[in-house]
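S.K.: below are the sequence and a predicted model; questions follow.
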Amino acid sequence: MRDPVLRELRDALGAGAVIPGEESDPRYHNDWAGLEPVVPKAVVRPRSVEEVAVALAVCHRHLQPVVPQGGRTGLAGGARPSEGAVVLSLERLNRVLDVDPAGATMVVEAGVVLERAQEAAREAGMFLPVDLGARGSCQVGGVLATNAGGNRVIRFGMARENCLGLEAVLADGTRVGRLDRLLKNNAGVDLERLFVGSEGILGLVTRAVLRLQPEPRTTMAAFCGLVDFDAVVTLLRRARARLGGLLTAFEAMWPEYYDLMMARVAHLRPPLAGRHGMYVLLEAQGFDPEGDPPRFQRLLEEMVEEGLLEDAAVARSEADVRAFWAVRDAVAEFPLLFGRDRHVNFDLGLVPERTRPFVDALRRELPRRFPGITAVYFGHLGDGNIHVVTGLPEGVDKRAVEAVVYETVGAFDGTISAEHGIGTVKKPWLHLVRGAADVAAMRRLKRALDPNGILNPGKLLDA
């Protein structure tokens, strides 16, 4: 290793922890955003928090840019290497350190895969409610760094609400934060929360305390076919009123999404016969095996009697629940359905009453501007998170489609990023949803914690 930074890193961490870029596995060269891969200068794989601190201190002294990586499942380019950067992968910090059922907490390292954390909670008789479609690949550190939400935000909140404390390492190797298990702690500025949603530009999350919940004893799920979007809003309002804290998921799918998945994804079977104006996957979890299912059933019957719910398949087993979720989780098929480089994922947020006019506006505008375009709509409607995925005709530029979608969501006072962050993909559109004073304050915070600008350069903010 002729490069002085890589020599010092190798001497400090050992040869096995530093892989020259040209020898590194291609998985480190990109994330799920689908941009052109970039070979980093090197991949550094520390084995402990102490080694993370050492690696960052070395890079800080040499003004060496560092791109942190977790499971690389983000869709905004936040984990894609920058030219000449060192990738710092947290995948070897993968231990579940403690599960405390009495305190309803667990302590994990940042590289723990979310599904493994869920399993560890389940083994202790508890429930980790943070859940994403990428649960088998995404890592806790990345989930926190992007403040991911996923499937159960309507009941349990985003990643931020499920994190009691965390530890982070700053650009110069300084360790900050507390592995705090207290629900109430107002001892000074909440430094830990600075790093949740910061996309690795302020510091690297290395360990975290996650909140757990009692493991549910009942799970009710129904795949619903409804008359129209107004009926969906009525179902959401009634579900909140009738089920209260039992409601865990409310996944809405427009016909464009449902029809595409049923026609093109071979392993899926239609949960319902016929076609409907809208589809909803409704899930509730509780603790009363005698009372919860009838309560859930009465809600559906009420909607049928009013002519708003046209049909519903009610889960009779865990296998049925998994089959319903398979329809919603089939989003992983988009690269195959549209082509890896010929589709654009949009992760948007709007208040529910503006969702229908927003979707209707895109239904009109996208085909008018881009004849032959395919667009599907779905999302966690209960928390306002709407996904739009477009398949691009030949000759249509992604940036032109992004401009139409992001300018439309800005006009409806929504957000261009509900949970995947800004990264590089959405950075040109940040001004649509955050004012100049907000961006300036973010820059001041960045300069204070990372004065040399080495952490994830070019992501979220310009230099």
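M.R.: Thanks, I have the structure now.
S.K.: burial count for S48?
M.R.: Counted with other C-beta atoms under 10 Å, residues neighbouring S48 total 14. For glycine as for every other residue, the C-beta is placed from the backbone atoms N, C-alpha and C.
S.K.: surely it touches R95?
M.R.: No. Contact between S48 and R95 fails when scored by C-beta atoms under 8 Å: they sit 9.8 Å apart.
S.K.: what segments of the stretch 201-350 of the chain are helices?
M.R.: 229-243, 255-264, 292-305, 318-329, 334-338 (DSSP state H, counting those that start in this stretch).
S.K.: burial measure for F412, as a count.
M.R.: 14.
S.K.: wait, L243
M.R.: Around L243 there are 21 other residues, counting by other C-beta under 10 Å.
S.K.: and it, how close does it get to G291?
M.R.: 11 Å (C-beta to C-beta, to the nearest Å).
S.K.: quick one: contacts for the residue nearest to L202 when sequence neighbours are not counted?
M.R.: Leaving aside its sequence neighbours, L202 sits nearest to L449 (C-beta to C-beta, 6 or more residues apart in numbering; 4.8 Å). By C-beta atoms under 8 Å, 6 or more residues apart in numbering, the contact set of L449 is 170-171, 202-203.
S.K.: and the helices of the stretch 201-350 of the chain, which one averages the lowest pLDDT?
M.R.: Of all those, the minimum mean pLDDT falls on helix 334-338 (a mean of 89).
S.K.: surely T415 touches L432?
M.R.: No. Proximity of T415 to L432 does not meet the contact threshold set by C-beta under 8 Å, at 9.1 Å.
S.K.: between these two, what contacts are shared?
M.R.: Jointly contacting T415 and L432 under the rule C-beta under 8 Å, 6+ apart are V409.
S.K.: just to revisit the earlier point, just the pLDDT at the residue nearest to L202, thanks.
M.R.: 97.
S.K.: show the backbone phi and psi for it.
M.R.: phi -90, psi -20 (degrees, to the nearest 10).
S.K.: next one: it from S198, what distance?
M.R.: Counting by C-beta to C-beta, the gap from L449 to S198 is 9 Å.
S.K.: roughly how far is the helix or strand encompassing L445 from the heart of the chain?
M.R.: Using DSSP states H and E, L445 falls within helix 436-449. Centroid separation for helix 436-449 versus its chain: 24 Å, with C-alpha atoms, centre = their mean, to the nearest Å.
S.K.: before we move on, the earlier item: need the contacts of L449 in JSON lines with neighbour count, can you?
M.R.: Putting the contacts of L449 into JSON lines (neighbours: other C-beta atoms under 10 Å) gives the following:
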{"residue": "L170", "neighbour count": "20"}
{"residue": "A171", "neighbour count": "22"}
{"residue": "L202", "neighbour count": "24"}
{"residue": "G203", "neighbour count": "27"}
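S.K.: okay, and which of those residues map to strands?
M.R.: Assigned to strands by DSSP state E, none of the contacts of L449 qualify.
S.K.: looking at those residues, which is nearest P357?
M.R.: The nearest member of the contacts of L449 to P357, counting by C-beta to C-beta, is L202 at 36.6 Å.
S.K.: that closest one and R447 touch, don't they?
M.R.: No. At 10.5 Å, L202 does not count as touching R447 under the criterion of C-beta under 8 Å.
S.K.: got any ranges where the stretch 101-250 of the chain has weak pLDDT?
M.R.: Nowhere does the stretch 101-250 of the chain drop to pLDDT under 70.
S.K.: tell me how many other residues crowd N185.
M.R.: N185: 13 neighbours (other C-beta under 10 Å).
S.K.: gap between L299 and P393?
M.R.: 42 Å.
S.K.: the two - which one has more neighbours?
M.R.: Between L299 and P393, counted using other C-beta under 10 Å, the more crowded position is L299 (22 against 12).
S.K.: quick one: residues contacting the more buried one.
M.R.: With C-beta under 8 Å, 6+ apart, L299 has these contacts: 238-239, 242-243.
S.K.: wait, which of those residues is closest to R443?
M.R.: A239 (42.0 Å).
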